[in-house]
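J.: after the sequence you'll find the predicted model.
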Amino acid sequence: MISTQPTGGRLLLEELPDRWRGLREAGPVRHDEAQGVWQVLDHEHVAAVLADPATYSSDLSALSPTQPDFETFTQGNFVGMDPPEHRKLRTLVSQAFTPRVVQGLEPRIEAVCARLLDEVADQDRFDLVDTLAYPLPIIVIAELLGIPAEEHRLFQEWASVLFGGDQLGEAPDMADLERALEAIAPTVREMNSYMLDYIRARRAAPGDDLTSRLIAAEVDGVRLRDQEMVGFVALLLVAGHITTTALLGNAVVTFDRHPETAAALRADPPRIPTAVEEVLRWLPPSPNWAAG
């Protein structure tokens, strides 16, 4: 097992960079006997690991949950696949999830942000994560998929169960992990059933949404199967939601602690993308990557 960052106890946000710097200075590659993993801690070696799937596989199916409810999730999760399966699914998804589609979301994202912030405009204090950073990605993902507005609450309920308490990340042994998985299995089952029904409805009546584009995507005569699309939606909800929430929170904290940077960005908005990239480098939402 290869891990590019440690997964030890919780640290304060400001402590993370010093923690990572200290680990890297101790050596780019080290073995963590407690976790039974090798830790790769510098860009050169991490890049080498990620570029060599033959040696360092991304396929962790041997460690995946055995419950049937989770099998569908793995079918479209190309993050946990090696070539050529990874390349096939990524190519199909890329046909539907184009830069043009993402860029077209900007006006709607701005409108949702404005609405969420307007709801707390008369308050002296509010929780930024609860108000904006957490709900925003769920709303955008649901709208991107074409989910009706009145059903967005389902995505919020699912996310609350899947991310509540970090059950899976804190499970200390396999027995506790199995219990944690059993606790969220009904939610996973509900998501599977809902999304399969929705995908089949979109096959019968396509619309102008990501789901319909995924259905139409084709490479060399190959199309995504319904189960693969459910797995991709699960990946989008899990990976796309919590990482965006963390980025938004990290960015606001960083700019608050560096008011001169925040003022410079307000004066020159075109510099914002570069600033966001720097936040991603300094405080990445997902600092841990694993390979078998």
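T.: Ah, there it is.

J.: just the strands in the stretch 51-200 of the chain please.
T.: Shown for the stretch 51-200 of the chain, no strands are assigned by DSSP state E, counting those that start in this stretch.

J.: which parts of it are helices?
T.: For the stretch 51-200 of the chain, the helices defined by DSSP state H, counting those that start in this stretch occupy 71-75, 85-96, 99-103, 106-118, 128, 135-145, 152-163, 167-170, 174-204.

J.: between those helices, which one is nearest to residue 234?
T.: helix 71-75 (4.6 Å; Cβ to Cβ). Where you see a C-beta, it was placed from the backbone N, CA and C, and this is true even at glycine.

J.: report the rounded mean pLDDT for the closest one.
T.: Mean pLDDT, helix 71-75: 70.

J.: again with stretch 124-142
T.: Averaging pLDDT along stretch 124-142 yields 93.

J.: show the end-to-end separation of it, please.
T.: One end of stretch 124-142 sits 30 Å from the other (Cα to Cα, to the nearest Å).

J.: and the contacts of that stretch?
T.: The contact list for stretch 124-142 (Cβ atoms under 8 Å, 6 or more residues apart in numbering) reads 105, 108-109, 112-113, 116-117, 119-120, 151-152, 155-156, 159, 236-237, 240-242, 244-246, 248-249, 252.

J.: filter the residues you listed down to the buried ones, PyMOL style.
T.: Burial among the contacts of stretch 124-142 is assessed by 16 or more other Cβ atoms under 10 Å; the matching PyMOL selection reads:
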select buried, resi 112+116+152+155+159+236+237+240+241+242+244+245+246+248+249+252
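
J.: about what we covered before: among the helices of the stretch 51-200 of the chain, show the one with the smallest mean pLDDT.
T.: Minimum mean pLDDT among the helices of the stretch 51-200 of the chain: helix 167-170, a mean of 46.

J.: coming back round to it: can you list the helices of the stretch 51-200 of the chain in JSON lines and add distance to residue 262?
T.: Listed next are the helices of the stretch 51-200 of the chain as JSON lines, based on distance: least, Cβ to Cβ, whole Å:
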{"stretch": "helix 71-75", "distance to residue 262": "39"}
{"stretch": "helix 85-96", "distance to residue 262": "34"}
{"stretch": "helix 99-103", "distance to residue 262": "25"}
{"stretch": "helix 106-118", "distance to residue 262": "16"}
{"stretch": "helix 128", "distance to residue 262": "14"}
{"stretch": "helix 135-145", "distance to residue 262": "19"}
{"stretch": "helix 152-163", "distance to residue 262": "28"}
{"stretch": "helix 167-170", "distance to residue 262": "31"}
{"stretch": "helix 174-204", "distance to residue 262": "38"}
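
J.: residue 218: which of these is closest?
T.: Per Cβ to Cβ, nearest to residue 218 of the helices of the stretch 51-200 of the chain: helix 85-96, 7.5 Å.

J.: returning to what we had before: so which of the helices of the stretch 51-200 of the chain is nearest residue 22?
T.: That would be helix 167-170 among the helices of the stretch 51-200 of the chain, by Cβ to Cβ, at 22.3 Å.

J.: if we ignore the residues flanking it in sequence, what's nearest residue 42?
T.: Once flanking residues are discounted, residue 42 sits nearest to residue 28: 4.1 Å by Cβ to Cβ, 6 or more residues apart in numbering.
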